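**Student:** I'll drop the sequence and a predicted model, then ask my questions.
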Amino acid sequence: MAASFGIFVLAELPGEAGDMVRAIQQRYDPKLARLTPPHITLVGSSGVGPIPTDTPVARIREALEPIAATTAPMALPFGAPHRFMQTDIVSLPLDPHGPLRTLHERIARSGLPFKQARFLFSPHCTLSFYPTLTPQRERALLALRVTAPARIETLQVYLTRDPQPSTRLLTLALGSRLSSPEP
């Protein structure tokens with residue numbers, strides 16, 4: 001795959017699922033584990049491309065803050081790992097429909113500029129990106145299961161300029177404007 005360059009919107013994975021993914025990444029792709037926290041990519045690699053790097057952070061905040069504030073946190077199951085076609089990338093897919101698609105589409109319609117996406121929206125958490133897979137390592141990765149749900153509680157906005165480390169520009173909590181039920 002081509003190097004990543006642009007501004008991406010992610011949902012970092014807290015809790016048990018994040019711990020499980022981190023352990024898998026450390027075993028099968030230590031470089032990935034070192035460079036980025038376990039996350040689900042919402043904008044940048046599928047559905048819509050990255051936000052151009054010259055987009056001011058204030059504009060991104062203005063567009064995304066109301067979306068985050070009015071989106072409830074989610075707990076979503078991971079599917080079985082799969083290998084991305086014609087690559088050595090192995091990831092955990094999430095259902096591209098329901099609340100995750102709604103969140104993605106709201107971001108896509110936010111008025112922010114986006115580069116062209118190369119793929120349809122396919123939310124995922126990458127387990128292995130950098131190493132070449134041997135048949136044994138591929139079988140082992142594809143046999144793994146992350147049984148804890150992906151908890152999506154925040155959005156993180158990252159400036160990515162591979163091969164340089166990514167820089168977090170912004171974090172927004174989900175659901176800050178949702179009313180909670182009375183006790």
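**Tutor:** Done, it's in.

**Student:** separation between V21 and D88?
**Tutor:** Separation of V21 from D88 (CB to CB, to the nearest Å): 18 Å. From N, CA and C alone the C-beta is placed, and that goes for glycine too.

**Student:** Could you do R168 as well?
**Tutor:** To D88, R168 is 27 Å away according to CB to CB.

**Student:** Tell me the helices and strands packed up against the lowest-mean-pLDDT helix or strand in the chain.
**Tutor:** When each helix and strand of the chain is scored by mean pLDDT, DSSP states H and E, helix 30-35 comes last, with a mean of 90. The helices and strands touching helix 30-35, judged by 3 or more CB pairs under 8 Å, 6 or more residues apart in numbering; DSSP states H and E, are helix 15-28.

**Student:** Would you mind listing the buried residues in the helix it packs on?
**Tutor:** A17, G18, M20, V21, I24, Q25, Y28 (16 or more other CB atoms under 10 Å).

**Student:** what's the closest non-adjacent residue to the second one?
**Tutor:** To tie it back to what came earlier, the one meant is G18. The shortest distance from G18 to any non-neighbouring residue, by CB to CB, 6 or more residues apart in numbering, is to P38 (4.6 Å).
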